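[1] my questions concern the predicted model and sequence given below.
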Amino acid sequence: MMEQEVFDQRDMTILIVDDEPRIRDFVRMNLELEHYRVLEANNGIEALDQLRDNLPDLVVLDVMMPEMDGFETLKAIREVSTVPVVMLTVRQNEQDRIRGLDLGADDYIAKPFSPRELLSRIRALLRRSLMAHHRGKPRS
């Protein structure tokens, strides 16, 4: 029987990347209610700076942004990191979903979205990420 890993969300940092302040605020509020630390970026360039400077545990990434779109940002993230990435976007056709997942997104959620579902998917990804990180390490 597999032992359930328990993690403290207060130790987890999530980067929200979206050019719409209302969306960032809404997602941030829901994450903070769950005691996550939250970083924000307005576009892909800011996101890459935040990723380099702060090493978030997960990224919530929009697709349609100025300067560097979410697909370009995801490619750049995958060149330097395996951080879990959830695409959160109005672009919901099958081709976009497949493109995002094939570029390395761990999940793809269409706007409008359920905040409860987003939080559940984030918890699942963080749990798997932690389990993979700790796999093979001796327990103390």
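    In hand now; what should we look at?

[2] can we go C-alpha only for contacts and neighbour counts from here?
    Will do.

[3] ok, residues contacting the helix or strand hosting Ala76?
    Counting by DSSP states H and E, the element that carries Ala76 is helix 70-80. With CA atoms under 8 Å, 6 or more residues apart in numbering as the test, helix 70-80 has contacts from 44-45, 47-48, 61-64, 87, 100, 103-105.

[4] let's see it at 10 Å
    By CA atoms under 10 Å, 6 or more residues apart in numbering, the surrounding residues in contact with helix 70-80 are 17-18, 43-48, 51-52, 59, 61-65, 68, 81, 83-89, 96, 99-101, 103-105.

[5] please pick the buried ones from the residues you listed.
    Among the contacts of helix 70-80, those classed as buried by 16 or more other CA atoms under 10 Å are 17-18, 43-45, 47-48, 51, 59, 61-65, 68, 83-89, 100-101, 103-105.

[6] mind listing which of those residues are in helices?
    Under the assignment DSSP state H, the buried ones among the contacts of helix 70-80 contribute 44-45, 47-48, 51, 100-101, 103 to helices.

[7] residue ranges with poor pLDDT in the chain?
    1-10, 133-140 (pLDDT under 70).

[8] ok, what's across the strand from the most centrally placed residue in it?
    Closest residue to the average C-alpha location of the chain: Val59 at 2.5 Å, with CA atoms, centre = their mean. Per DSSP bridges, the residues bridged to Val59 are Leu15, Val85.
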